[in-house]
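Student: Mind looking at a prediction? Sequence and model below.
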Amino acid sequence: PSSEAPSPQERPSDDAIFGEEDAPKSGEAARQPSATEPSEPSAPGGDRDSEALAGPATRSAFDSAEAVDDPLKIGGLFYVRAFVAGYEGVSFGDTAFSAPTLVDGYFDARPTDRLRAFVVGRLTYNPSLSSQPAEGAPSNPRVLLDQAWLRFDLARTVFFTVGKQHVKWGTGQIWNPTDFLSPQRKNPLAFVDLRTGVSMMKLHVPWEARGWNFYAIAVTDDLGTDAGAVVDPSGGPARPGGDDPVNRLGRIGGALRAEVVVGPAEVGVSAVAQRGRKPRFGLDLSSALGPIDVYGELALKKGTDQPLYRLPEGTTLEDILQNGIQVEAYIPGGLTPQVTGGANYSFPYGQNDLAVLGVEYFYNSTGYTSSVGYPYLLARGAFQPLYVGRHYGAAYLFLNQPFDWDHTAFNFFTLGNLSDSSYTSRLNMTYRALTYLTVEAFGAVHYGHKGGELRLGFSVPDVTVNGQEIPGVTVAAPTFELGVGLRLSL
C-alpha cells in the first residue's frame, strides 16, 4: 500500500536501493541476451591452416561494444525528516520530537552487460539523540554498509550475485511472514524501506520459455529468530534481527526457492535452514480473480526459536514482581503457521485517475490473544511489534495523482491488532516538487483499547522484592504522530 516505490527519476540504477534487489526474474531475464544467439559467421575463403595455428579469432571488447565508455555511475539519496509524537498526559512542551537525517551514496559499475558491481554506504544522524549514547546503543552519527555485491553470469544461463544484497520474498503488502532472507521485518508505516542488505551468494537459473525462476542461496549472515526486529519507526537506524556471527562453516545458512506460473497465478515455494534456527518453509501466491487481485503467504516452522510466556489468568507485572509468581516459559510443539491473505481492487474515478482499495489479514499462531502480558514481554525483550498479537487486519486506499494534482499521491490505511482491539490510522502524502526532490508528510492517530499494542500504555507502581525497592515504570499511551520529510536524489 505504500506510495513510496522509488521512481526512475530518483536513481539511475534499475535496482532499488531501499527495496528489493534481486537477480533477474522472468521479466528481467528477458532483457538478458539469449544464450542461443547465433555466433558471428567466419569469413568465407579463409586460410584454414592459419586459423588452425592461430587459434580462434579474438575480438576487442571495446570494438564489439561489449564494454561501455562510462562504466561507473555515482549517486545517492539525501533524506531528512522531522517527527512529533503526542502521548496521553504529556504536555505540549514535552511532546516527543525527532529529526533523523539519512545519506546514501552508491557506486554502480557496469563495464559490460554481463558484469556489474554495486555498493551502497549509509550515514545516519539524529540531532535529537545523544552523540554519546549509552553502552550497547547505536552510535550517533552511524555509518552502515547497505549493499556491496557483484553480479555475473555463466553462459548467460546461470546468474550469480555475491555479497551484501537485498532479496525480498512474499506477496504481502503489510505482513511478510515468508520474507525469510531478511532478519529485519519491514516497517509498513514508513515511506521508505530502510532495511539493510544480507550477505549471501545467490545462484539464479531462469527458465525463460515458461517464465519460471529457480534460486539456490548460501547465507553468511545470521537470519535472526522468529519475527525478527522491526526497523525503528521513529527514524532510528535499522537494527539486525540476529547478531550471532557466522564464523564457522556449519553456521552458513542455505535457502532454495522456485517461482512458477500456473495459469493466471504466480506461485513461490521456499525453504531456509541455518544451524541454531528452526527450518522455515514458505508458500506464496498472487493471482487475478476477475477484476480483483488476490495474494497470500503461508510460513511454517516447528515450534519457535524463542520461548513464549504464559501468565496466570488475572496476573499483572506488579503481582509477578511483588509475590514472586513464576511465569511459565515454553516452546510450543508441532507446526506454528503464520498466514497472510489479501485482496485489492483498482478502479477508475474522474477522467484519467485510478484508485486502489485493498484489505489484508494476518494470522500469527504464536501471537498472544490479549495485552495482559505486554509489560512482561517488554521487560524480557520479547515484544515484537506487529507480530506480537494472534490476529491482525488492515485496509488501505491509494490515490495516485488525483484530479489535477499530477505530482501528488495519497495513501490512507488502518492497521489493527484484532486480538487486543487496538488500532492506528495514518494518511501519507507525497509530492514531487522538482524532478529530483520529493516532499512527504503524514499524520497518524491511535485509538482502541488502552494497553493494546497500537495504543500501548500502562503503569507499574513501586514494588519491594526481597527487601529491595524497585522503582515503578509508566508508559504513556500514544495519541498521534505528525511528520514531514524531504528526499533528494543525488
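Tutor: Yes, it's here.
Student: Find the residue at the geometric middle of the protein.
Tutor: In the chain, the residue lying closest to the centroid (C-alpha atoms, centre = their mean) is residue 186, at 3.5 Å.
Student: what's the pLDDT at that residue?
Tutor: We have a pLDDT of 86 for residue 186.
Student: Please report how far it lies from residue 73.
Tutor: From residue 186 across to residue 73, the span is 27 Å (C-beta to C-beta, to the nearest Å). Where C-beta positions appear, they are placed from N, C-alpha and C, glycine not excepted.
Student: quick revisit: correct me, but the residue nearest to the centre of the chain touches residue 170?
Tutor: No: in this structure residue 186 lies outside contact range of residue 170 using C-beta atoms under 8 Å: 9.5 Å.
Student: Mutual contacts of those two, please.
Tutor: 176, 179 (C-beta atoms under 8 Å, 6 or more residues apart in numbering).
Student: Just the CA atoms of stretch 404-419, as CSV, please.
Tutor: Taking C-alpha atoms only, stretch 404-419 is exported to CSV below (Å, rounded to 0.1, in the frame of the first residue of the first chain):
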residue,chain,number,x,y,z
ASP,A,404,-5.5,17.9,-11.2
TRP,A,405,-2.8,17.1,-8.6
ASP,A,406,-0.4,15.5,-11.1
HIS,A,407,2.6,15.3,-8.8
THR,A,408,0.8,14.1,-5.7
ALA,A,409,-0.1,10.8,-4.2
PHE,A,410,-2.2,9.9,-1.1
ASN,A,411,-2.2,6.6,0.8
PHE,A,412,-4.7,6.1,3.7
PHE,A,413,-4.6,2.9,5.7
THR,A,414,-5.7,1.5,9.0
LEU,A,415,-3.9,-1.3,10.9
GLY,A,416,-5.5,-3.2,13.8
ASN,A,417,-4.4,-5.7,16.3
LEU,A,418,-7.7,-7.6,16.4
SER,A,419,-6.7,-9.7,19.4
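Student: Start the count at 5 instead of 1 going forward.
Tutor: All set: I'll call the first residue 5, so the last point we hit is now stretch 408-423.
Student: burial of the closest residue to residue 342 other than its chain neighbours, as a residue count?
Tutor: Computed as C-beta to C-beta, 6 or more residues apart in numbering, the closest residue to residue 342 that is not its neighbour in sequence is residue 181, at 3.7 Å. By other C-beta atoms under 10 Å, the residues close to residue 181 number 26.
Student: looking at the sheet around residue 127, what are its partners?
Tutor: residue 107, residue 147 (DSSP bridges).
Student: Isn't it up against residue 147?
Tutor: Yes: assessed by C-beta under 8 Å, residue 127 is found in contact with residue 147 at 5.6 Å.
Student: Of these two, which one has the most company?
Tutor: Set side by side, residue 127 and residue 147 show more neighbours around residue 127, with 15 against 12, by other C-beta under 10 Å.
Student: Now do the contacts for that one.
Tutor: Counting by C-beta under 8 Å, 6+ apart, residue 127 touches 106-107, 145-148.
Student: Same question for residue 152.
Tutor: In this structure, residue 152 makes contact with 122-124, 167-168, 201, judged by C-beta under 8 Å, 6+ apart.
Student: who does it bridge with?
Tutor: Bridge pairing for residue 152 (DSSP bridges) gives the partners residue 123, residue 168.
Student: In stretch 368-379, which residues are buried?
Tutor: For stretch 368-379, a neighbour-count test (16 or more other C-beta atoms under 10 Å) marks 368, 370-372, 374-379 as buried.
Student: hmm, who's touching the top strand by length along the chain?
Tutor: Using DSSP state E, we find that the single longest strand of the chain is strand 76-91. Outside of strand 76-91, the residues within contact range by C-beta under 8 Å, 6+ apart are 14-17, 21, 99-114, 196, 238-239, 461, 480-494.
Student: In the stretch 105-254 of the chain, where is pLDDT below threshold?
Tutor: 140, 229-247 (pLDDT under 70).
Student: quick one, strands of the stretch 305-454 of the chain?
Tutor: Here the stretch 305-454 of the chain has its strands, by DSSP state E, counting those that start in this stretch, at 312-314, 332-334, 342-353, 357-368, 395-404, 412-421, 426-436, 441-452.
Student: and what of the stretch 5-154 of the chain?
Tutor: 76-91, 100-102, 105-116, 119-129, 146-158.
Student: Please identify the most buried of those strands.
Tutor: Among these, strand 119-129 has the highest mean neighbour count (mean count of other C-beta atoms under 10 Å), at a mean of 19.
Student: Just the C-alpha atoms of that one, please, in CSV.
Tutor: Extracted in CSV, the C-alpha atoms of strand 119-129 (Å, rounded to 0.1, in the frame of the first residue of the first chain):
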residue,chain,number,x,y,z
LEU,A,119,29.2,-7.8,-15.2
ARG,A,120,28.1,-5.4,-12.5
ALA,A,121,29.3,-4.3,-9.1
PHE,A,122,27.1,-2.2,-6.8
VAL,A,123,28.0,-0.6,-3.4
VAL,A,124,25.7,1.5,-1.1
GLY,A,125,27.0,3.2,2.0
ARG,A,126,24.8,4.8,4.5
LEU,A,127,25.3,7.6,7.1
THR,A,128,22.6,8.3,9.7
TYR,A,129,22.5,11.1,12.2
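Student: Measure how that strand sits relative to strand 146-158, angle-wise.
Tutor: Going by axes from the mean of the first three to the mean of the last three C-alpha atoms, to 10 degrees, strand 119-129 is angled at 170 degrees with respect to strand 146-158.
Student: elements contacting the helix or strand in which residue 262 is found?
Tutor: According to DSSP states H and E, residue 262 maps onto strand 257-266. Packing contacts for strand 257-266, counted by 3 or more C-beta pairs under 8 Å, 6 or more residues apart in numbering; DSSP states H and E, involve strand 216-223, strand 269-277.
Student: With respect to residue 93, which of those lies nearest?
Tutor: strand 269-277 (44.5 Å; C-beta to C-beta).
Student: Can you name the next helix or strand after the closest one?
Tutor: Downstream of strand 269-277, the first helix or strand assigned by DSSP H and E is strand 284-293.
Student: Tell me the strands beside that following strand, with direction?
Tutor: Strand 284-293 sits in its sheet next to strand 269-277 (antiparallel), strand 296-304 (antiparallel), going by DSSP bridges.
Student: could you give me the average pLDDT of the first one?
Tutor: This means strand 269-277. Averaging the model's pLDDT scores along strand 269-277 yields 96.
Student: got the contact list for the closest residue to residue 430 other than its chain neighbours?
Tutor: Closest residue in space to residue 430, ignoring its immediate chain neighbours: residue 448 at 3.9 Å, by C-beta to C-beta, 6+ apart. Counting by C-beta under 8 Å, 6+ apart, residue 448 touches 193, 428-431, 484-486.
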